[in-house]
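A.B. asks: Fold the stuff below for me.
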Amino acid sequence: MAAKPDIYAGIDFEEINEATGLETDEIKCLKTCFDLFDSKKQDFLSADDLDEILRAMGFRPSKEELMDILAEIDEDGSGEIEFAEFCQLCAKFLVEDPDIETMKRELKDAFRIYDKAGEGFITMDTLRGLISELLSPLTKEELDGIIEELDEDGSGTMDFDEFCEMMMSAPAN
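C.D. replies: Next up, the predicted model:
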């Protein structure tokens with residue numbers, strides 16, 4: 001019995017991940033979809049097929065959205081969508097940043113875990129314990145430096161707005 005050819009051979013997962021934010025298992029799933037839609041086994045899909053494909057995948061772009069997406073993805077205007085371009089297209093629908101309201105809701109839930117008394121703030125002692133647990137091993141000096149930076153006003157507490165700012169800011173390094 002002959003071995004089945006590797007359907008993932010030739011796919012640069014790392015490059016597609018960097019370009020799209022898709023994970024390896026998502027890329028593999030998209031390869032299966034791509035191969036099903038590429039019924040002529042040409043290793044590309046026609047731009048004309050994309051509306052049908054997107055609808056089959058549960059997406060409902062308007063004609064204008066579809067044309068904008070195609071213009072962005074099919075940069076050379078060939079009318080042919082190769083697998084990597086197909087991944088870029090699908091990533092627009094699969095990789096979504098949560099909206100700000102969703103993030104605030106999730107942060108509020110997290111904040112409540114540490115604001116056990118419901119006072120509207122987290123004490124620096126509670127935060128110290130949390131940070132030392134999350135970022136261990138830290139020296140006492142490193143931990144003190146982080147706490148000092150977070151407690152800018154010297155109140156010894158962190159309210160919800162300060163918590164959101166801390167959680168939503170990018171790390172310094």
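A.B. asks: where along the chain do the helices fall?
C.D. replies: 13-20, 24-37, 50-56, 63-73, 83-94, 100-114, 124-134, 140-150, 160-168 (DSSP state H).
A.B. asks: so which of the ones you listed comes closest to F44?
C.D. replies: Closest approach to F44 among the helices of the chain is made by helix 83-94 (8.0 Å; CB to CB). (Each C-beta comes from the backbone N, C-alpha and C, glycine too.)
A.B. asks: wait, what's in contact with D151?
C.D. replies: Residues counted as contacts of D151 (CB atoms under 8 Å, 6 or more residues apart in numbering) are M124, T157, M158.
A.B. asks: quick one: contacts for the last one?
C.D. replies: With contacts taken as CB under 8 Å, 6+ apart, M158 has the following neighbours: F121, I122, M124, L127, L150, D151, M166.
A.B. asks: can we see that at 6 Å?
C.D. replies: By CB atoms under 6 Å, 6 or more residues apart in numbering, the residues touching M158 are I122, L127.
A.B. asks: Who does it form a beta bridge with?
C.D. replies: Beta-bridge pairing for M158 (DSSP bridges): I122.
A.B. asks: how much space is there between it and L94?
C.D. replies: 35 Å (CB to CB, to the nearest Å).
A.B. asks: How about the second one?
C.D. replies: If you measure T157 against L94 using CB to CB, the figure is 40 Å.
A.B. asks: So, low pLDDT: which residues of this structure?
C.D. replies: 1-4, 47-48, 57, 75, 95-99, 169-173 (pLDDT under 70).
A.B. asks: let's see it at 90
C.D. replies: 1-10, 19-23, 29, 32-82, 84-118, 120-140, 142-173 (pLDDT under 90).
A.B. asks: okay, the contacts of D151 in TSV with distance to A84 next?
C.D. replies: Output for those, formatted as TSV (distance: CB to CB, whole Å):
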residue	distance to A84
M124	49
T157	50
M158	44
